[in-house]
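Trainee: Sequence first, then the predicted structure:
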Amino acid sequence: MAVDGVSFDLSAGGVVGLLGPSGSGKTTLIRCLVGVQIVESGSIEVLSEPAGAPGLRRRVGYLTQAPSVYGDLTVRGNLRYFARVLGAPPDDVDRVLAEVDLQRDAESLVGRLSGGQRSRVSLATALLGKPELLILDEPTVGLDPILRRDLWALFRRLAAAGTSLIVSSHVMEEAAHCDLLLLMRDGRLIARETPASLLARTGAGDLEAAFVALIDRGMG
Amino acid sequence: MSWTRTYATARRILEQLRHDPRTLALLLVVPIVLMGLIAWIFPAHDFDQYGPPLLGIFPMLVMFLVTSVATLRERTSGTLERLLAMPLAKADFIFGYALAFGVLATLQAVLVSGISFGLFGLEVQGSAALVGLIAVTDALLGTALGLFVSAFAATEFQAVQFMPAILIPQLLLCGLLLPVDQLPTVLHWLSYAMPMRYTVEATSVVMTAATVTSTYWVNLAIVAVFAIGFLGLGAATLRRRTP
């Protein structure tokens, strides 16, 4: 997958929405930012360091698209291990459990949890150690509306506290929660603007229609 | 590399196994059952000849399989990608596995040796403990090999196939079926590249001599060097960036 001509600035304490249909290159771009993707050409800097630099591994929290936690450990067991790897204080485990509302399931085996609970364990892991930048690959996909609402409230809360977030989604209605939108299609960035300006520019009634209009008119 | 992270990784792996009692039971019981079978098949004299080398080989096979599948699972589940985006050194990961499975390998080797000598009536000229030591080293070598080859497997199916591909040729050429100096020349030379050959040589020392000789220690050291070498290669071939 090629991702061309993407560059953007993100100031501290904002939520950037990375939106686009499946296969548009969102995950590839995210993996480049985190430094786990082989990059053929071009340079990527994150927080003024080359992407994937050792110094960034503590400052950037990463949520993979599929929940990447151990099914044969308890929720707490997972978080305790990742906290040790990050060098985060042990009480951080209880903090992130509360953030994603999983305290009651702390002693359950992750393999026995529902899909939604499992993805929240994975999200909790990304929150460990209070990273400055959170890069979340489709954190709300497949979750029920109540959970989605709660998670977006959490993202706004984190942003208000000074964390920067990059959140990918293929659901355009989620774009409304973001301060800045990056719209991708076929590996290219076709728009980089605020939700309000996107609506104004396209004259569309909602963000979904705005995205369609953008592609139809070749306005990218 | 950091000791805290290596230790945390090893602890996490053992904690996972604690939640998977069936795997744990298979790991500890299978080599014992196999040795029991060998004891049953052979008359006492032949058991004393084939038993000791197999005592080292069975734990090696089992540990190889378990390790290669376990690390592959980390790859396919995305947990390895997550860990490598965290401040975890590649060596922390590899040596964490080596430590956790090393503990298990030791337990397994001690159990199977103890039961073989104590219950199945296995006898050697030298010390049974020295045979046990070979079994532990072999199990560690199995772990190291498993960690290394899992880097070349993309799926569990492939990982499992590496067992016959890597271990059976060693089994054929290690001197167990035919003494190594009776092998065709090319195969004789090839056997030098196979760690299992040295475990059989070390074992035959304990089988035939009442006192331990330097040949024993040299061969045991070679096996240990192979194990450490493969662990190093395992760490070196682990990639933070993947396509």
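Mentor: Okay, I see it.
Trainee: For the host helix or strand of residue B:189, which helices and strands make contact with it?
Mentor: In the assignment (DSSP states H and E), residue B:189 maps to helix B:185-191. Helices and strands touching helix B:185-191, by 3 or more C-beta pairs under 8 Å, 6 or more residues apart in numbering or on different chains; DSSP states H and E, are helix B:168-173. C-beta here means a position set from N, CA and C on the backbone, and glycine is covered the same way.
Trainee: Now the strand or helix carrying residue B:111: average pLDDT?
Mentor: Assigned by DSSP H and E, residue B:111 falls within helix B:90-118. Regarding helix B:90-118, the rounded mean pLDDT is 92.
Trainee: Quick check: the residue of chain B nearest chain A.
Mentor: As assessed by C-beta to the nearest C-beta, chain A sits closest to residue B:78 within chain B, at 3.2 Å.
Trainee: Isn't that residue up against residue A:71?
Mentor: No. Between residue B:78 and residue A:71 there is no contact under C-beta atoms under 8 Å: 11.8 Å.
Trainee: Check which residues of stretch A:61-70 are buried.
Mentor: Buried residues in stretch A:61-70, counted by 16 or more other C-beta atoms under 10 Å in any protein chain shown: A:61, A:62, A:63, A:64, A:65, A:66, A:67, A:68, A:69, A:70.
Trainee: does it come close to chain B?
Mentor: Yes. Counting by C-beta under 8 Å from any C-beta of the partner chain, chain B has neighbours in stretch A:61-70: A:62, A:64, A:66, A:67, A:68, A:69, A:70.
Trainee: With distance to residue A:39 and pLDDT added, can I get the buried residues of stretch A:61-70 in CSV?
Mentor: Below are the buried residues of stretch A:61-70 laid out as CSV (distance: C-beta to C-beta, whole Å; pLDDT from 0 to 100):
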residue, distance to residue A:39, pLDDT
A:61, 21, 94
A:62, 16, 94
A:63, 20, 95
A:64, 18, 92
A:65, 19, 89
A:66, 22, 90
A:67, 25, 92
A:68, 21, 94
A:69, 27, 97
A:70, 29, 97
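Trainee: near chain A, which residues of chain B show up?
Mentor: B:4-5, B:8-9, B:11-12, B:15-16, B:19-20, B:77-79, B:81-88, B:240-243.
Trainee: re earlier: now the helix holding residue B:111: buried residues?
Mentor: Taking 16+ other C-beta under 10 Å as the neighbour-count basis, helix B:90-118 is seen to contain the buried residues B:90-102, B:104-113, B:115-117.
Trainee: helices or strands up against the least confident helix or strand in chain B by mean pLDDT?
Mentor: Sorting the helices and strands of chain B by mean pLDDT, DSSP states H and E puts helix B:156-162 at the bottom, at a mean of 87. When contacts are defined as 3+ C-beta pairs under 8 Å, 6+ apart, helix B:156-162 sits against helix B:44-77.
Trainee: for the helix it packs on, which positions count as buried?
Mentor: Buried positions in helix B:44-77, judged by neighbour count with 16+ other C-beta under 10 Å: B:47-48, B:51-75, B:77.
Trainee: Now the helix or strand hosting residue B:226: average pLDDT?
Mentor: Using DSSP H and E, residue B:226 sits within helix B:214-237. Averaged across helix B:214-237, pLDDT comes to 94.
Trainee: and what of stretch A:171-179?
Mentor: For stretch A:171-179, mean pLDDT rounds to 89.
Trainee: Need the distance between the two termini of that stretch.
Mentor: This stretch, stretch A:171-179, spans 16 Å end to end (C-alpha to C-alpha, to the nearest Å).
Trainee: same thing with stretch B:11-26?
Mentor: End-to-end span of stretch B:11-26 (C-alpha to C-alpha): 20 Å.
Trainee: can I have the least confident helix or strand of chain B written out in PDB, keeping just the CAs?
Mentor: Output of helix B:156-162 as PDB, limited to C-alpha atoms (Å, rounded to 0.1, in the frame of the first residue of the first chain):
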ATOM      1  CA  GLU B 156       1.100 -21.800  12.600                       C
ATOM      2  CA  PHE B 157       1.000 -24.400   9.800                       C
ATOM      3  CA  GLN B 158       4.500 -23.400   8.600                       C
ATOM      4  CA  ALA B 159       5.900 -23.200  12.200                       C
ATOM      5  CA  VAL B 160       4.800 -26.800  12.900                       C
ATOM      6  CA  GLN B 161       6.400 -28.000   9.700                       C
ATOM      7  CA  PHE B 162       9.800 -26.700  10.900                       C
END
